[in-house]
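Visitor: following is a predicted model, sequence given first.
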Amino acid sequence: MLPIDKVAKESGLAASALRYYERCGVIGPVVKIRGKRHYSRAVLHRLSVIKVCQALGFSLTEIVCLLDGGDESTWKELAVRRRSEVEKQMDAMREVLTMLDSALGCSCDRLANCPDMGPHGRLAVKAPQSRSGLVDIGRT
């Protein structure tokens, strides 16, 4: 059994994060020895898996499902879904890069006067709209 401070040091996580993970049911069980939390050595592997899953963009709820609630097909289904989300994000970022490159190629001396940015300009038509349309700068 490893005390919480040792697990924190070896995993690179704060003790508060370990206690939070415990409350969420991501790690456990905990044994208290002289009032101090102790974990089995296996928790270090589990924490490593959790870190990787978080880096892949999975939520803690999904991670609990991946680790405890699902079989291999659940893991694969969630991974395929996450991959699709990342592809969509990458497509959106490619569009942003294209728009930035186009804006950088503009010969206008002032952005405010650029016809490409106007209501029917080629950049304005490609720009995604916020849910409420234009934002009132005075109220933000």
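Guide: Now that the structure is in, tell me what you want to look at. As the structure is a prediction and not an experimental result, all values here were calculated from the model.
Visitor: only C-alpha atoms from now on, for both contacts and neighbour counts.
Guide: OK.
Visitor: what about the helices in this structure?
Guide: In the chain, the helices defined using DSSP state H lie at 4-11, 15-24, 42-55, 60-64, 72-104, 122-126.
Visitor: chain center to the third one, what's the gap?
Guide: The gap between the average C-alpha position of helix 42-55 and the chain average comes to 15 Å, counting by CA atoms, centre = their mean, to the nearest Å.
Visitor: ok, the first one next?
Guide: Averaged C-alpha coordinates place helix 4-11 at 24 Å from its chain's average position (CA atoms, centre = their mean).
Visitor: give me the below-cutoff pLDDT ranges for the chain.
Guide: For the chain, the stretches flagged by pLDDT under 70 are 70-72, 128-140.
Visitor: find the centremost residue of it, please.
Guide: residue 57 (4.3 Å; CA atoms, centre = their mean).
Visitor: from residue 68, how far out is that one?
Guide: Residue 57 is 18 Å from residue 68, where distance means CA to CA, to the nearest Å.
Visitor: ok so, going back, relative to residue 95, how far out is the residue nearest to the centre of the chain?
Guide: Distance, residue 57 to residue 95, using CA to CA: 22 Å.
Visitor: nearest spatial neighbour of residue 102, chain-adjacent residues omitted?
Guide: Distances taken as CA to CA, 6 or more residues apart in numbering place residue 123 nearest to residue 102, at 7.9 Å, with adjacent residues excluded.
Visitor: verify the stated contact: that neighbour with residue 114.
Guide: No: applying CA atoms under 8 Å as the test, residue 123 and residue 114 come out as separate, 9.9 Å apart.
Visitor: quick one: which of these two has more around it?
Guide: Neighbours were counted for residue 123 and for residue 114 using other CA atoms under 10 Å; residue 123 has more, 19 against 15.
Visitor: tell me the contacts of that one?
Guide: 99, 102-103, 116-117 (CA atoms under 8 Å, 6 or more residues apart in numbering).
Visitor: measure the residue of the chain positioned farthest from its centre to residue 116 for me?
Guide: Here the chain reaches farthest from its C-alpha mean at residue 109, the gap being 38.3 Å by CA atoms, centre = their mean. From residue 109 over to residue 116 the distance is 13 Å, taken as CA to CA.
Visitor: in TSV: the helices of the chain, plus distance to residue 35.
Guide: Below are these laid out as TSV (distance: least, CA to CA, whole Å):
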stretch	distance to residue 35
helix 4-11	11
helix 15-24	14
helix 42-55	19
helix 60-64	27
helix 72-104	37
helix 122-126	60
